[in-house]
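1. got a predicted model here, sequence first, then my questions.
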Amino acid sequence: MSSQTIVTLLTDFGTADGFVAAMKGMILTRAPQACLVDITHEIPPQDVRAGAWALRESCWTFPAGTIHLVVIDPGVGTIRKPILLQSRGQLFLGPDNGVLTLGAATEVSGWTLDRAEFFALEVSATFHGRDIFAPVAGWLAAGTPPGLCGTPMAQWNRLALPPPRIRGHGISGIVVHVDRFGNLITNLAREQVSVSEAWTVILPQGAIGTICRTYAEVEPGQWVAYWGSSGFLELAIRDGSARAAGYSLDTEVTLCRPQ
Amino acid sequence: MSSQTIVTLLTDFGTADGFVAAMKGMILTRAPQACLVDITHEIPPQDVRAGAWALRESCWTFPAGTIHLVVIDPGVGTIRKPILLQSRGQLFLGPDNGVLTLGAATEVSGWTLDRAEFFALEVSATFHGRDIFAPVAGWLAAGTPPGLCGTPMAQWNRLALPPPRIRGHGISGIVVHVDRFGNLITNLAREQVSVSEAWTVILPQGAIGTICRTYAEVEPGQWVAYWGSSGFLELAIRDGSARAAGYSLDTEVTLCRPQ
Amino acid sequence: MSSQTIVTLLTDFGTADGFVAAMKGMILTRAPQACLVDITHEIPPQDVRAGAWALRESCWTFPAGTIHLVVIDPGVGTIRKPILLQSRGQLFLGPDNGVLTLGAATEVSGWTLDRAEFFALEVSATFHGRDIFAPVAGWLAAGTPPGLCGTPMAQWNRLALPPPRIRGHGISGIVVHVDRFGNLITNLAREQVSVSEAWTVILPQGAIGTICRTYAEVEPGQWVAYWGSSGFLELAIRDGSARAAGYSLDTEVTLCRPQ
């Protein structure tokens, strides 16, 4: 290989223990030239939805050939399958619980990872990240073709953002992610809902105004709605936190056409 | 290029979301051989002063040719300019709010980053780290000369440590940083204030003793003052935390000559 | 060198300041091709035992030639020695306080790091991670033989897991680590204590059942004991946290043979 292969890692393991490093050692032992990039390891334990979002938000910025390794795995040790998806020239490894499918959303091929010769010699019941996923990622990074690591499959579990709903007065969505700043990200995609900036944004407790271009258009402490960097409508309290103000996942957000 | 170019990243984005990873993908897409190093992403949101300190503390240990990417950017989306500074053979990218200028402090040339062909195809209003700074850092890491990425400029906003003040009885400074251990770092630089170890260190509530060489010279629970690893006078409570004891930024610290 | 040398870093410095990055700059200045991997920087300040555990848990997954740099150093600035150990083809650098010795446990050679020409030009009293350990790690990663960096030594401080104790009714051990999920890891190694799965696991407040293969064998909220991924008996509360339930280091755990 002329260039290093990028392997990203996304888990709910935290960084206080040696868990993530153990996975990295397994990868580098098999692919000494790999370039390792952490997406995040601070996904709340077992929160498949939050993991899927972090992957979606970042995976598209990486070049073709990148391998994304995702271990949010409430079902470790049970019969859920370890899988490999290929989408738009990138590879995605993780458990078959939907966590890969907001990132690997289009042009997808899939394999079940069932070739034990690519696993660690001994596979524990509780740490498949180290014993199954990382070794396979290492072999892939070293140039092993995906088709050698598993058996093609046609069906896997998918996670999807709920679609916006048309209402009498406009379009209604929900909060699908709250970021570290306490901002609310909705499922209302700019490309999908063709609304003008004059539409009113409504939260359960009332209207908060129209859609702005940036935070600076409102005063500190005021609500602001804008098309976020992920392409979705976001709601924030300028210099504050919507999370701290009591807002959370699944809050309803409605866009209402001008009367 | 015979060797990998180092790109460091310093933000207030935290590591719980995919924000930092999205920046890394943008860099690696343009400079597949880049070596990425996190300085920190835990700067308190929008704390330009804390970001500038973390950069100052670490940037000088990196080799010439290193590119430092700093995104502490309260003004994102407003008219503040994205800039590039060159200092002592290293490059510094970030918003023009002073955050770069404790690190890039001497022998500095500057450019305004105004060549959109080096940005992402689409530039969001809220995430210039991903859409402007990371792509430019990627092109620089791939070998693009700084002069191609922007227009030379002569003026930019600077942040400077307040100078110590001469007092009747000695020299007075303030706490400019509190580290994770709760130690207080002052603006009293060893090279600048030529005092002997016999001078007394005085906090607002009273004298705490003379200057020691290391923590071990005092008992656990006692105050200790010493020349810290950054070259400044530091104050700590041995096996304790001055922050937890109520001390914070801007606390006055006076060095008093022996009577 | 045909391939990059891996250097891992393990400290109690946290990642909010520039401390770790300063060490990385020192390494990369001397070994531009080094591949840096963080094990963790969230060891509780000065907790030698926790640092030794994180190293033990992860170091064996890395290839031969890897350099492990560990700075948990309550004695920095005192007479404790900086040392270098070689074990199973890997190198371990750190203070002589036992922190390296759960990782570097067998086939060990040792050197005292006493060659100042491999340190930073100026060595501070409080930051040997940056001024002694990182520069030496850099030179080693650049190909300097271990024997050039120090003087052979035969004795160093060792940390060891307490051995399990034989009791009338079985075998007794203690909790030696609590991980981020709040699970309890004991010193009862599967290879060492040959017990069948039918033995009963007993905590101070009473028996919690026999040994399971995975979490899924008990109901949420129930205690589960299993052979963990480190090879030791682990105790957990499914979908809960034993730490949150009040359990901590040194809790006694007894394996009792069937009556």
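-> That came through fine. Note that the coordinates shown come from a computational prediction; the quantities given were computed from them, not determined experimentally. Residues are numbered from 1 along each chain as shown, chains lettered A, B, ... in the order given.

2. every contact and neighbour count from this point should use C-alpha atoms.
-> Will do.

3. return the residues in contact with A:Asp61.
-> Just to correct that, residue A:61 is Thr rather than Asp. B:Ala22, B:Met23, B:Lys24, B:Gly25, B:Met26, B:Thr29 (CA atoms under 8 Å, 6 or more residues apart in numbering or on different chains).

4. try it again at 7 Å.
-> Each residue near A:Thr61 by CA atoms under 7 Å, 6 or more residues apart in numbering or on different chains is listed here: B:Ala22, B:Gly25, B:Met26.

5. near chain B, which residues of chain A are found?
-> Applying CA under 7 Å from any CA of the partner chain, one finds that chain A approaches chain B through A:38-40, A:42-43, A:54-55, A:57-58, A:61-63, A:179-180, A:213-214, A:216, A:228-229.

6. re earlier: A:Ala242: which of the contacts of A:Thr61 is nearest?
-> Closest approach to A:Ala242 among the contacts of A:Thr61 (CA to CA): B:Ala22, at 23.3 Å.

7. hang on, the closest one packs against B:His128?
-> No - counting by CA atoms under 7 Å, B:His128 is not a contact partner of B:Ala22; they are 11.3 Å apart.

8. chain A: helices as residue ranges?
-> Assigned helices in chain A, in chain order: A:19-30, A:48-59, A:128, A:134-141, A:146-149 (criterion: DSSP state H).

9. ok, and which of those helices has the densest surroundings?
-> When neighbours are counted by mean count of other CA atoms under 10 Å in any protein chain shown, the highest per-stretch mean among the helices of chain A falls to helix A:134-141, a mean of 28.

10. so how far is stretch A:98-108 off the chain centroid?
-> Distance, stretch centre to chain centre, for stretch A:98-108: 9 Å (CA atoms, centre = their mean, to the nearest Å).

11. please name every helix or strand in contact with the lowest-mean-pLDDT helix or strand in chain A.
-> None of the helices or strands of chain A scores lower by mean pLDDT, DSSP states H and E than strand A:165-167, at a mean of 88. The contact analysis (3 or more CA pairs under 7 Å, 6 or more residues apart in numbering or on different chains; DSSP states H and E) places strand A:165-167 against strand A:170-178.

12. now the strand it packs on: mean pLDDT?
-> The pLDDT scores in strand A:170-178 average 93.

13. tell me what angle it forms with helix A:48-59.
-> Calculated by axes from the mean of the first three to the mean of the last three CA atoms, to 10 degrees, strand A:170-178 forms an angle of 90 degrees with helix A:48-59.

14. partner strands of strand A:170-178 and their direction?
-> Sheet pairing here is set by DSSP bridges, and for strand A:170-178 it gives strand A:165-167 (antiparallel), strand A:184-189 (antiparallel), strand A:252-256 (antiparallel).

15. of all residues in the stretch 101-250 of chain A, which one is closest to chain C?
-> Closest approach of the stretch 101-250 of chain A to chain C (CA to the nearest CA) occurs at A:Ser124, with a separation of 5.5 Å.

16. wait, that residue sits on C:Ser229?
-> Yes - between A:Ser124 and C:Ser229 there is a contact under CA under 7 Å: 5.5 Å.

17. and for the least confident helix or strand of chain A, what's in contact with it?
-> Applying CA under 7 Å, 6+ apart, the set of residues contacting strand A:165-167 is A:Ile171, A:Ser172, A:Gly173.

18. let's see it at 10 Å
-> Applying CA atoms under 10 Å, 6 or more residues apart in numbering or on different chains, the external contacts of strand A:165-167 come out as A:Ile171, A:Ser172, A:Gly173, A:Ile174, A:Leu188, A:Val193, A:Thr254, A:Leu255, A:Cys256.

19. list buried residues within those.
-> Taking 16 or more other CA atoms under 10 Å in any protein chain shown as the criterion, what is buried in those is A:Ile171, A:Ser172, A:Gly173, A:Ile174, A:Leu188, A:Thr254, A:Leu255, A:Cys256.

20. now the two most distant members of those residues.
-> With CA to CA as the measure, no two of the buried ones among the contacts of strand A:165-167 lie farther apart than A:Ile174 and A:Cys256, at 14.2 Å.

21. once you drop chain neighbours, what's closest to the closest residue to chain B within the stretch 101-250 of chain A?
-> Among residues of the stretch 101-250 of chain A, the one nearest chain B by CA to the nearest CA turns out to be A:Ser229. It sits 5.5 Å away. With CA to CA, 6 or more residues apart in numbering or on different chains as the criterion, A:Ser229 has its nearest non-adjacent residue at 5.5 Å, and that residue is B:Ser124.

22. shaky segments in chain A?
-> Along chain A, the parts satisfying pLDDT under 70 run over A:1-3, A:77.

23. quick one: the residue nearest to A:Thr200 when sequence neighbours are not counted from A:Ile185, how far?
-> Residue nearest to A:Thr200 in three dimensions, not counting chain neighbours: A:Thr210, with 4.6 Å by CA to CA, 6+ apart. Separation of A:Thr210 from A:Ile185 (CA to CA, to the nearest Å) stands at 16 Å.

24. more neighbours: those two, which one.
-> Neighbours per residue (other CA atoms under 10 Å in any protein chain shown) separate A:Thr210 from A:Ile185, with A:Ile185 holding more: 27 against 18.

25. what's the local residue count around A:Pro44?
-> What A:Pro44 shows, counting by other CA under 10 Å, is a neighbour count of 16.

26. burial measure for A:Gly168, as a count.
-> Counted by other CA under 10 Å, the residues lying close to A:Gly168 total 9.
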